[in-house]
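Undergrad: have a look at this prediction, sequence included:
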Amino acid sequence: MTQGFVFNDGGRTDAGYKGRADDCVARSVAIAANLPYQQVYDAISHGSKSQRVTKGAKPKVSAREGVTTGRKWFKDYMATLGFKWVPTMQVGTGCQVHLTASELPPGRLIVSVSRHYTAVIDGVIHDTHDPSRGGTRCVYGYWIAR
């Protein structure tokens, strides 16, 4: 099965944002949850500001600067949107699932890969670029709409 790709910025441009940003989490959540980009951006920015900053780390004050998705506030936020986390890789197991339609379930997914989140809807990547690396990119896990 071949991997499809659709250019989709999640409504970022329509919300008035320009230039490059590390906002892949906000974009992918907006796309997969079918929510306005600004609504997701604001919720993620609020959560990022509320998290405790570890020693030596630079605080993140907006969704534009990236998100630490393993935090409780993010898991709680995703649960309120109706998404469930499915891990696909454990320490020491190696890559079990790749970013390709044949290895992911159908539905609305927010997929975690190395240093990036992307939306996958029924096997088609929705993002500003194709992060699949030809179907070889390892998936750490994904949020799936229940």
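TA: The structure has been received and is ready for your questions.

Undergrad: quick one: mean pLDDT over stretch 89-97.
TA: Per-residue pLDDT values across stretch 89-97 average out to 90.

Undergrad: first-to-last residue distance for that stretch?
TA: Start and end residues of stretch 89-97 are separated by 8 Å (C-alpha to C-alpha, to the nearest Å).

Undergrad: contacts for it next, please.
TA: Applying C-beta atoms under 8 Å, 6 or more residues apart in numbering, the set of residues contacting stretch 89-97 from outside is T88, E103, L104, C138, V139, Y140, G141. Backbone N, C-alpha and C define where each C-beta goes, glycine included.

Undergrad: repeat the analysis, applying 6 Å as the threshold.
TA: Contact partners of stretch 89-97, identified using C-beta atoms under 6 Å, 6 or more residues apart in numbering, comprise T88, E103, C138, V139, Y140.

Undergrad: tell me the phi and psi of the closest residue to G11 other than its chain neighbours?
TA: Residue nearest to G11 in three dimensions, not counting chain neighbours: Y37, with 3.6 Å by C-beta to C-beta, 6 or more residues apart in numbering. Summarising the backbone geometry of Y37 under the convention degrees, to the nearest 10, its torsions are phi -50, psi -50.

Undergrad: about what we covered before: any chance of the contacts of stretch 89-97 in TSV, plus distance to Y77 and neighbour count?
TA: What follows is these, written out as TSV (distance: C-beta to C-beta, whole Å; neighbours: other C-beta atoms under 10 Å):
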residue	distance to Y77	neighbour count
T88	21	18
E103	27	15
C138	25	16
V139	21	25
Y140	18	15
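
Undergrad: thank you kindly, that will do.
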